[in-house]
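What follows is a predicted protein model with its sequence.
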Amino acid sequence: MMIFDWPLMLWALLIVPVLVWIYVLILRRRKRAAVRYASLGLVRDALGAGQRWRRHLPPALLLLAVTLMLLATARPVATVTLPTQQETIILAMDVSGSMRASDVQPSRLQAAQAAAKAFIAELPARTRVGIVAFAATASVVQAPTLSHDDLVAAIDRFQLQRGTATGSGLIVALATIFPDAGIDLSQLLYGHLRSDEGKAPIGGATAKPKEAFAPVAPGSNASAAVVLLSDGQRTTGPDPLEAAKMVADRGVRVFTVGVGTKEGEIIGFEGWSMRVRLDEESLKRIAEITRGEYFYAGTAVDLKKIYEGLNARIAFEKRKTEISALFAALAAFFAVIAAILSLWWHGRIL
């Protein structure tokens with residue numbers, strides 16, 4: 001769909017039928033001048049059908065050039081799909097033991113891995129992607145990179161663990177986006193989990209002095225986003241809603257994906273068994289707080305479609321763009337072609 005910023009300038013297109021009328025008048029005058037020849041049939045035979053067609057092509061091209069130029073003055077605006085300004089996307093993926101459940105075939109984890117790989121393959125080449133895996137703890141398994149091969153290798157290395165620390169996954173993802181912001185992972189993560197302050201922070205990051213910063217509007221950061229996939233309830237670590245508020249204060253949107261059937265499934269491992277259910281409410285709240293969006297995937301096909309849709313939402317956007325320059329360039333092109341053809345065929349400009 002195309003609109004015009006200066007629609008009143010479209011009235012100038014009335015010049016086009018006037019120019020056509022003037023051209024017809026010129027042709028009639030030339031025809032009257034040709035009466036002095038003994039036989040108009042001889043003139044027609046001399047010109048031939050091809051010559052008569054050539055007479056009208058340069059003026060027609062020039063008329064098209066004038067029309068395009070007049071349209072350009074009305075400042076046409078078209079909606080086009082362009083790569084967004086997103087420079088960094090963090091995939092925060094749940095690798096808790098519940099991801100072994102097979103209610104999403106072949107398993108929740110394998111379906112998530114396949115969908116994530118397809119998502120990465122379709123991203124613009126200039127978009128960096130990092131991967132955070134979380135279970136009872138969270139860690140950066142691949143720092144933001146442009147290398148799709150490195151990302152795929154990191155996804156293939158996922159190992160299932162016990163526990164689900166959704167809040168830790170969000171905080172580590174935030175620290176990965178802003179590595180120089182002084183986010184104290186040792187305090188934020190281990191301060192909630194245990195009292196041994198001397199333990200090394202998750203992901204090998206070192207604590208840095210906090211920088212004073214003013215919170216920004218949620219969803220206002222156009223250079224980064226987080227895609228968080230989980231299938232269960234948080235069992236340990238920081239409160240995910242508090243972590244979501246931290247992310248929102250830096251303007252980063254979180255798109256949450258819930259994977260698994262809503263009724264859940266009973267899984268067993270190393271002598272224990274439990275029913276794993278999807279905590280949709282928490283994932284919806286995380287998305288709401290950060291101005292992101294929540295998606296539910298009950299099957300592997302659903303999950304793949306969701307990631308395809310996320311690619312369109314995060315990596316590309318529909319943007320209104322003025323295309324006056326395009327119209328002007330086309331007008332200049334047709335004008336030049338008209339002049340060249342006229343000189344070539346008739347030895348004169350029109």
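Happy to help now that I have it.

Please work out the average pLDDT along stretch 125-141.
The pLDDT scores in stretch 125-141 average 92.

residue contacts, Ala143?
By CB atoms under 8 Å, 6 or more residues apart in numbering, Ala143 lies in contact with Gly130, Thr176. For the C-beta atoms, the positions are set from N, CA and C on the backbone; glycine is no exception.

Now do the SS call for Ile131.
When classified by DSSP: H, G, I helix; E, B strand; the rest coil, Ile131 comes out as strand.

give the contact list for the residue lying closest to it once chain neighbours are set aside.
Nearest non-adjacent residue to Ile131, counting by CB to CB, 6 or more residues apart in numbering: Gln142, 4.2 Å away. Applying CB under 8 Å, 6+ apart, we find Gln142 in contact with Val129, Gly130, Ile131, Asp150, Leu151, Ala154.

Please apply the same query to Pro76.
Going by CB under 8 Å, 6+ apart, Pro76 touches Met2, Ile3, Phe4, Asp5, Glu322, Ile323, Ser324, Phe327.

quick one: low-confidence parts of the stretch 1-150 of the chain?
Scanning the stretch 1-150 of the chain for pLDDT under 70 picks out 33-53, 80-86.

And the strands in it?
2-4, 76-83, 88-94, 128-134, 138-145 (DSSP state E, counting those that start in this stretch).

any chance of those strands in a markdown table, plus distance to Gly251?
Supplementary listing: the strands of the stretch 1-150 of the chain in a markdown table, determined by distance: least, CB to CB, whole Å:
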| stretch | distance to Gly251 |
| --- | --- |
| strand 2-4 | 30 |
| strand 76-83 | 20 |
| strand 88-94 | 13 |
| strand 128-134 | 18 |
| strand 138-145 | 17 |
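
right, so of these, which gets closest to Ala121?
Among those, strand 128-134 comes nearest to Ala121, with 10.8 Å by CB to CB.

In its sheet, which strands sit next to the closest one, and in what direction?
Sheet pairing of strand 128-134 (DSSP bridges) gives strand 88-94 (parallel), strand 138-145 (antiparallel).

Give the buried residues for that strand.
Arg128, Val129, Gly130, Ile131, Val132, Ala133, Phe134 (16 or more other CB atoms under 10 Å).

Between its first and last residues, what's the separation in stretch 219-232?
Stretch 219-232 has an end-to-end distance of 25 Å (criterion: CA to CA, to the nearest Å).

now that stretch: mean pLDDT?
On average, the pLDDT along stretch 219-232 is 89.

With stretch 189-201 instead?
On average, stretch 189-201 scores 48.

what about Glu242, distance to Tyr294?
Glu242 sits 18 Å away from Tyr294, going by CB to CB, to the nearest Å.

Looking at those two, which is more packed in?
With neighbours defined as other CB atoms under 10 Å, Glu242 and Tyr294 compare such that Tyr294 has more, 19 against 14.

hang on, that one in a strand?
Yes. Counting by three-state DSSP, Tyr294 falls inside a strand.

Need the pLDDT of it.
The model's pLDDT for Tyr294 equals 94.

Val301 now?
So Val301 comes in at 89 (pLDDT).
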